[in-house]
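# below: sequence and its predicted model.
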Amino acid sequence: AGISESDMKFSQVGLTMKKLCALAKVSSELEEDSVIAIGEIIGLSIARSMAKKEDEIGFVGDGTSTYFGMTGIAGALRNVDATIANIKGLQVASGNAWSEIVLGDFEDTIAIMSDEADDGAKWFVHRRFYYGVMHPLAVAAGVGTFLDIISPNRQRFFFGYPVEFVAAMPSTEGNSQIC
């Protein structure tokens with residue numbers, strides 16, 4: 001029998017192109033004396049700045065002009081409902097303070113994840129959240145050890161999932177934040 005033709009639909013996804021740009025002021029004397037070195041410094045600075053802005057937009061963008069009208073993951077989740085406890089796919093922690101978050105909160109987050117999302121899943125957190133919450137919980141559970149300190153392996157895992165540091169994610173605790 002013949003196979004019916006179908007078209008893929010992506011009604012939940014939209015793409016709006018925006019340009020990021022950067023300017024750097026360099027004196028003519030500096031440019032004449034070390035154009036290659038200063039070009040490298042400026043190039044690295046611009047690349048880092050753009051990467052940081054892309055992370056801010058992609059993770060915490062709320063649709064305002066600060067994020068060029070774009071909405072990131074946390075912003076899109078917040079747009080679902082004013083009460084974060086009502087948002088499917090979000091796990092509300094045991095308390096408002098980072099010190100009140102328990103291992104069970106992370107276990108519950110993993111439990112609500114769909115099977116399709118399991119492959120390639122990662123924790124995207126700020127470095128301070130990892131070392132202020134996740135790592136101490138692992139140490140208290142007897143999992144974090146002295147080897148964490150002396151190991152040259154910089155890859156971090158939590159409940160078997162890789163941890164990626166994202167500077168745009170919350171670095172200090174706050175009520176109703178997606179950390």
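Right, received. Where do you want to start? Residues are numbered from 1 along each chain as shown.

# next SSE downstream of the lowest-mean-pLDDT helix or strand in the chain?
When the helices and strands of the chain are scored by mean pLDDT, DSSP states H and E, helix 146-150 comes last with a mean of 70. Next helix or strand after helix 146-150 toward the C-terminus (DSSP states H and E): strand 156-158.

# just the C-alpha atoms of the lengthiest strand in the chain, please, in PDB.
Longest strand in the chain by number of residues (criterion: DSSP state E): strand 161-165. Extracted in PDB, the C-alpha atoms of strand 161-165 (Å, rounded to 0.1, in the frame of the first residue of the first chain):
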ATOM      1  CA  TYR A 161      23.300  13.500  35.000                       C
ATOM      2  CA  PRO A 162      26.000  16.000  33.900                       C
ATOM      3  CA  VAL A 163      26.100  19.400  35.500                       C
ATOM      4  CA  GLU A 164      26.700  22.400  33.300                       C
ATOM      5  CA  PHE A 165      27.500  25.800  34.800                       C
END
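
# what pairs with that strand, and is each one parallel or antiparallel?
Strand 161-165 pairs in its sheet with strand 123-125 (parallel), strand 156-158 (antiparallel), by DSSP bridges.

# quick one: distance of the last one to the chain centre.
Counting by C-alpha atoms, centre = their mean, to the nearest Å, strand 156-158 is centred 15 Å from the centre of its parent chain.

# residues of that strand that come out buried?
Residues of strand 156-158 classed as buried by neighbour count (16 or more other C-beta atoms under 10 Å): 156, 158. To be clear about C-beta, it is placed using only N, CA and C from the backbone, and glycine gets the same treatment.

# repeat for stretch 123-135
123-126, 128-130, 132-135.

# now do stretch 103-122
103, 105-106, 109.

# now do it: everything it contacts.
88-89, 91, 93-94, 134, 137, 141, 158-159, 161-164 (C-beta atoms under 8 Å, 6 or more residues apart in numbering).

# same check on stretch 2-19?
68-70.

# of the residues you listed, which is the nearest to Gly58?
Nearest to Gly58 out of the contacts of stretch 2-19 is Met70 (C-beta to C-beta; 8.3 Å).

# no further queries at this time; thank you.
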